[in-house]
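J.: give me coordinates for this.
(one chain, ligands or ions: 1)
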Amino acid sequence: MRKIRVGVIGSTGSIGTQTLQVIKAHEDLFEVTLLACKRNIKLLSEQISHFNPTQVIHGDTTMLNYSETYTSCDIVINGISGLAGLLPTIAVLESPAKLATANKESLVSYGSKIMEIASRNNKTIIPVDSEHSAIFQCLEDLSNIKKLILTASGGPFRGYTTEQLEIVTSNEAIKHPTWNMGLKVTIDSATLMNKGMELIEAKHLFGVNDIDILIHKESVVHSLVEFKDGSMKAMLSNPDMTIPIQYALTFPKRVESMAKPLDLSNLGILTFGKPDFERFPCLGLALKVLNMGDLEGTVMAVADEIAVELFFNNKIGFYDIPDIIEKCLNEFQGGVITDVSDINAIANNVKRYIESKSYMRC
Ligand code: MN
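T.: Numbering: from 1, shown residues only. Here you go, the predicted model:
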């Protein structure tokens with residue numbers, strides 16, 4: 001059998017490196033034909049010498065925005081973080097390659113159009129994010145679904161009070177309890193904006209608007225689907241991103257994995273609870289945006305990206321993040337996104353608006 005030719009864009013990030021781990025464990029099934037990253041040249045050169053790809057893109061990643069770039073790939077894993085992942089998402093969908101994506105921002109900002117582009121090209125977007133992979137694995141008949149239930153670990157500050165949250169720093173957020181992730185996603189998990197973005201992603205990926213959030217600190221149940229008749233399906237595994245990454249690569253087949261098998265008798269207890277919208281206002285903001293359009297999604301994604309960077313550089317406090325996002329959502333609303341260039345225009349306006357506030361000078 002011919003090996004599956006995999007492109008990994010964002011190859012030095014958290015998703016990229018874990019994808020390459022999966023491929024390394026299955027070199028009989030996969031070969032790497034494309035590696036791309038923006039910065040980490042040292043790790044990239046190690047990856048090049050191990051995987052010997054036919055194509056490498058580093059630094060100026062404009063090439064990732066063109067479908068011709070992906071003709072050497074059967075499947076592309078988009079592990080790029082932030083809005084920078086949007087144009088590559090579109091380009092892969094317009095190319096012959098399959099798209100497996102971990103990039104949340106493409107769907108949050110441009111989801112309606114992305115799904116149109118996918119269906120015009122007869123493509124199924126294969127989700128890599130653990131929750132969406134779980135739902136993808138639970139789905140049978142879309143017409144019988146009542147609702148989706150996304151689980152959330154609750155982030156590193158799950159048990160914190162509002163007073164404690166007012167003074168937390170980005171260093172504390174980086175100690176996430178369960179998942180090993182990139183910096184942006186780590187801060188987004190601390191504010192629960194990560195879960196908020198996943199709500200919007202899920203709406204687009206599965207065409208369902210009724211979505212609940214369930215706090216589940218063990219991160220063993222990765223999400224659930226509730227059907228009309230009241231039955232539910234859940235996908236369970238140890239919290240290990242290599243499982244959803246590998247499934248994205250082998251879908252619809254499954255192969256042995258290097259992940260530790262789940263021992264439920266050893267685990268004993270799984271807990272579930274409601275999210276606290278008061279302590280984590282980002283979740284409420286995202287729920288509002290869930291019922292709005294791509295414009296509001298873009299504003300939320302851009303404002304969050306800027307606010308997270310400010311928080312990361314200790315320029316603002318934890319609650320300034322939802323505050324900035326809310327102000328931006330109030331300032332920019334009611335427009336329509338027709339073209340991908342609109343996203344850039346909105347991103348610039350949001351950036352300028354935040355800069356005009358005092359946040360940058362603290
Ligand atoms: Mn996730």
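J.: and the nearest residue to residue 251 once chain neighbours are set aside, its phi and psi?
T.: Here the nearest residue to residue 251 in space, its sequence neighbours aside, is residue 126; by Cβ to Cβ, 6 or more residues apart in numbering that works out to 5.6 Å. Quick note: C-beta positions are derived from backbone N, CA and C, even for glycine. For residue 126, the backbone dihedrals (degrees, to the nearest 10) come out as phi -90, psi 120.
J.: what about residue 126, distance to residue 194?
T.: For residue 126, the distance to residue 194 under the criterion Cβ to Cβ, to the nearest Å works out to 20 Å.
J.: more neighbours: these two, which one.
T.: Using other Cβ atoms under 10 Å, the more surrounded residue of residue 126 and residue 194 is residue 194, with 26 against 21.
J.: and that one, what's its pLDDT?
T.: Per-residue confidence for residue 194 comes out at a pLDDT of 96.
J.: where does it sit: helix, strand or coil?
T.: Using DSSP: H, G, I helix; E, B strand; the rest coil, the three-state assignment for residue 194 comes out as helix.
J.: how many residues are close by the nearest residue to it once chain neighbours are set aside?
T.: Once its chain neighbours are removed from consideration, residue 194 has its nearest residue in residue 188; the separation is 3.7 Å (Cβ to Cβ, 6+ apart). Other residues near residue 188 number 26, with proximity taken as other Cβ under 10 Å.
J.: where does the protein have low pLDDT?
T.: Segments of the chain classed as low confidence (criterion: pLDDT under 70) are 176-180, 358-362.
J.: got the residues of it near the ion?
T.: If contacts are counted using Cβ under 5 Å from the ion, the residues of the chain sitting beside the ion are 129, 130, 131.
J.: can you rerun that using 6 Å?
T.: Residues of the chain lying close to the ion by Cβ under 6 Å from the ion are 129, 130, 131, 198.
J.: so how far is residue 169 from the last one?
T.: So that's residue 198. Counting by Cβ to Cβ, the separation of residue 198 from residue 169 is 25 Å.
J.: so who does whatever residue of the stretch 51-200 of the chain ends up closest to the ion touch?
T.: Distances from the stretch 51-200 of the chain to the ion, computed as Cβ to the ion, single out residue 129 as the nearest residue at 4.3 Å. The contact partners of residue 129, taken as Cβ atoms under 8 Å, 6 or more residues apart in numbering, are 102, 104, 198, 201, 244.
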